[in-house]
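S.K.: Show me the folded form of this:
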Amino acid sequence: MEFRIEHEWDSSPVTHDPVTICLKPAKEGLLIAVNAPFFNDPPAPPGPSGEAFPGLWDYEVVEAFFLNDEKKQYLEVELCPHGHHLVLLLSRRRNIWKDCLPLSVQVSRTDSRWNGTALIPWDYFPPSVDKFNAYAIHGSGSERRYEALYPVPTNEVQAGQQPDFHRLEYFRPFNFSALMGEKWEQPESSLWKT
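M.R.: Take a look at the predicted model:
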């Protein structure tokens, strides 16, 4: 399953090769693979590569969100070209109840592109995921860019509106069965039982 981020948050087209996100099945979880331009702006976060970094969204990052629309429970996974990551579990819009979960991430980089892969354990996903969105962020100051797989439609953008990746109403239907097979059932999560 492949997704291309071709628009900014407000539906304007991106001005570079789009970020590509591939989702692949794995027994232990969902494999996510990112292929993206490398802007190196802002520079790397100050923490060790390979570890969770709070506030990673303030750096160059690609994000994937998996939502249970009925209960408004969602998983946010962020990958950075410098090897950092951030995993958040949220219940209702912006209400983080667990963060900095461990994630094994591999990143390779050239001067112009980066590739990142991570295996997201099934335990991290809320029950009955049925919607998805993905984002990419890069740049500093007035050059900061916020890109969305499913952006705010042009006719719904308000004057002075700012990007907000937690606008759950713009997420679109997602079905794990299309990826895992019709008979597959999402494993129960011990994290989401609490």
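
S.K.: So the nearest residue to residue 153 once chain neighbours are set aside: helix, strand or coil?
M.R.: Closest residue in space to residue 153, ignoring its immediate chain neighbours: residue 11 at 6.0 Å, by Cβ to Cβ, 6 or more residues apart in numbering. (Each C-beta comes from the backbone N, C-alpha and C, glycine too.) Three-state assignment for residue 11 (DSSP: H, G, I helix; E, B strand; the rest coil): coil.

S.K.: Near residue 11, how many other residues are there?
M.R.: Residue 11 has 16 neighbours, counted by other Cβ atoms under 10 Å.

S.K.: I figured it hits residue 150, correct?
M.R.: No: Residue 11 lies out of contact with residue 150 (Cβ atoms under 8 Å); the separation is 9.8 Å.

S.K.: hang on, residue 20 in a helix?
M.R.: No: with three-state DSSP as the criterion, residue 20 is strand rather than part of a helix.

S.K.: Quick check: the gap between it and residue 5.
M.R.: To residue 5, residue 20 is 8 Å away according to Cβ to Cβ, to the nearest Å.

S.K.: and if you look at residue 182?
M.R.: 28 Å.

S.K.: likewise residue 41?
M.R.: 17 Å.

S.K.: same question, residue 33
M.R.: Taking Cβ to Cβ, one finds residue 33 at 14 Å from residue 5.

S.K.: residues shared between the contacts of the two?
M.R.: Common neighbours of residue 33 and residue 5, counting by Cβ atoms under 8 Å, 6 or more residues apart in numbering, are residue 21.

S.K.: More neighbours: which of those two?
M.R.: Ranked by neighbour count (other Cβ under 10 Å), residue 33 and residue 5 place residue 5 first, with 23 against 16.

S.K.: which residues in the protein form helices?
M.R.: If DSSP state H is used as the criterion, the helices of the chain fall at 176-180.

S.K.: remind me which residues of it are low pLDDT?
M.R.: 194 (pLDDT under 70).

S.K.: Count the neighbours of residue 117 for me.
M.R.: For residue 117, using other Cβ under 10 Å, the count is 17.

S.K.: Would you mind naming the residues that bridge with it?
M.R.: Here residue 117 sits in beta bridges with residue 33, residue 106, going by DSSP bridges.

S.K.: In contact with it, which residues are there?
M.R.: 31, 32, 33, 34, 105, 106.

S.K.: That one and residue 79, how far apart?
M.R.: Counting by Cβ to Cβ - residue 117 and residue 79 are separated by 9 Å.
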